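**Student:** need coordinates for the following:
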Amino acid sequence: MPRLPLLEDLAKTIDIGGAHFEARVVCEVLCREEPMPVHVVSVGNPDPALPAVGFFGGVHGLERIGAEVVLAYLQNLAGRLKWDDTVHALLDSVRLVFMPLVNPGGTWLGTRANPNGVDLMRNAPVESAERVPWLVGGQRLSPRLPWFRGHLGQPMETESQALCEVVRSELLTRRFCITVDCHSGFGMADRIWFPYAHTRAPFHNLPDMHALKDLLQETLCNYNYIFEPQSRQYLTHGDLWDHLYADPQRRPEDVFLPLTLEMGSWSWVKKNPRQFFSLLGNFNPLIEHRQQRVLRRHVPLLEFFARAACSHARWLPSGGARQDHQDRALAHWYPTWPPEVQP
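**Tutor:** Prediction:
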């Protein structure tokens, strides 16, 4: 197997977690004829009546910092499980599922796509009926061009199918779940995106998402995240989270809140302009102290989502509060919705 430090660090973390962690290889992918595993690690109460959070990283191989943030939180839990009673109390009431490195082949090759040249976040069978940006929104012309969706009629890539299998079996079976998919590379600011990516229309759980946004701003008040629907920036075909949100087997009364952490890598390039001349440098902090600062910043965010899921009954809106959050969300995120009908 090709040597990949992230996979080695993950194996060490699984060993440290010991009996507390349930680890499995959900699939293997070939990278230059060598198999590479895709790991899933679960920790906490397996009772399907309880809420769950899924943490995902490394969907785009170039964006290693996303995998490193997820792995850092898993390492944090592995160390604290030895002595921290508050972690054990938390895990009695929630299930946490980790897929730190969804695309190990792309990470090893240093490419956004997987070894087949497919962009996994454009790979789902979701078509936008609205105009998407050329190439960036997903294309089927060639795997030699970026943002390749895969050939029409072909099944989803092995990594995409593995992610969907984990979400369906471990998260969508519950009444409440959150997913956090960690990426980098868009702009100067850190953003938290939620569906949809394929349409500008508001999604069903908008009041719940707005309540979560308020909770985040009250709790991590010294952190500056831009919380918004992805459609405010650009639309795409093939988004995996849009695909899973529309899963026909998902009960519509359940609450599923898919989130994407989009770390603003342009700020790292601004502070160290030499990174601009490195492909990895456009998506990852290359200076050690800056990388440690990024990990320290975002690990508390992942902990926040775990605690928010655990305590969702205390903040999830109902009755008149739900309508209030719906109205405020529409005014904040969708001020021109619905679009005017042209005569």
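
**Student:** give me the number of neighbouring residues for R251.
**Tutor:** Residues lying near R251 (other C-beta atoms under 10 Å) number 12. For glycine as for every other residue, the C-beta is placed from the backbone atoms N, C-alpha and C.

**Student:** and it, which of the three is it?
**Tutor:** Assigned with DSSP: H, G, I helix; E, B strand; the rest coil, R251 falls in the coil class.

**Student:** again with A313
**Tutor:** helix.

**Student:** same thing with W108?
**Tutor:** Assigned with three-state DSSP, W108 falls in the helix class.

**Student:** and the longest helix for this protein?
**Tutor:** Secondary structure of the chain read by DSSP state H shows that its longest helix is helix 288-310.

**Student:** what's that helix packed up against?
**Tutor:** For helix 288-310, the packing partners by 3 or more C-beta pairs under 8 Å, 6 or more residues apart in numbering; DSSP states H and E come out as strand 52-57, helix 64-80, helix 85-91, strand 176-184, helix 206-219, strand 255-263, helix 266-271.

**Student:** for the stretch 1-150 of the chain, what spans make up the strands?
**Tutor:** Secondary structure of the stretch 1-150 of the chain by DSSP state E, counting those that start in this stretch: the strands cover 22-31, 34-44, 52-57, 95-99.

**Student:** quick revisit: the helices and strands packed on helix 288-310: lowest mean pLDDT?
**Tutor:** Note on the helices and strands packed on helix 288-310: helix 266-271 shows the lowest mean pLDDT, a mean of 86.

**Student:** can you count the residues close to L216?
**Tutor:** Using other C-beta under 10 Å, L216 has 18 neighbouring residues.

**Student:** who are the contact partners of it?
**Tutor:** Contacts of L216 were listed using C-beta atoms under 8 Å, 6 or more residues apart in numbering, and they are I192, Y225, F227, F304, A308.

**Student:** closest one of these to A52?
**Tutor:** A308 (12.1 Å; C-beta to C-beta).

**Student:** what about the closest one, neighbour count?
**Tutor:** For A308, using other C-beta under 10 Å, the count is 23.

**Student:** how much space between it and L216?
**Tutor:** Separation of A308 from L216 (C-beta to C-beta, to the nearest Å) stands at 8 Å.

**Student:** now for the strands of the stretch 1-150 of the chain, which one comes closest to Q292?
**Tutor:** That would be strand 52-57 among the strands of the stretch 1-150 of the chain, by C-beta to C-beta, at 17.0 Å.

**Student:** low-confidence stretches in the protein?
**Tutor:** Counting by pLDDT under 70, the chain shows low-confidence ranges at 1-2, 340-343.

**Student:** related to what we said a few turns ago, quick one: the longest helix of the chain to chain centroid distance?
**Tutor:** When distances are taken as C-alpha atoms, centre = their mean, to the nearest Å, helix 288-310 is centred 13 Å away from the chain's centroid.

**Student:** if we can go back for a sec, can you tell me which of the contacts of L216 has the most neighbours?
**Tutor:** A308 (23 neighbours).

**Student:** that residue contacts L215, correct?
**Tutor:** Yes - judged on C-beta atoms under 8 Å, A308 makes contact with L215 at a distance of 6.1 Å.

**Student:** just the CA trace of stretch 313-324, in CSV.
**Tutor:** Only the C-alpha atoms of stretch 313-324 are listed here, as CSV (Å, rounded to 0.1, in the frame of the first residue of the first chain):
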residue,chain,number,x,y,z
ALA,A,313,-34.5,18.8,22.2
ARG,A,314,-33.5,21.9,24.1
TRP,A,315,-33.1,24.2,21.1
LEU,A,316,-34.9,22.6,18.1
PRO,A,317,-37.9,25.0,17.4
SER,A,318,-41.5,23.9,17.5
GLY,A,319,-44.9,25.6,17.3
GLY,A,320,-44.7,29.3,16.9
ALA,A,321,-41.0,29.4,17.4
ARG,A,322,-40.6,27.3,14.3
GLN,A,323,-42.6,29.7,12.2
ASP,A,324,-40.5,32.6,13.6
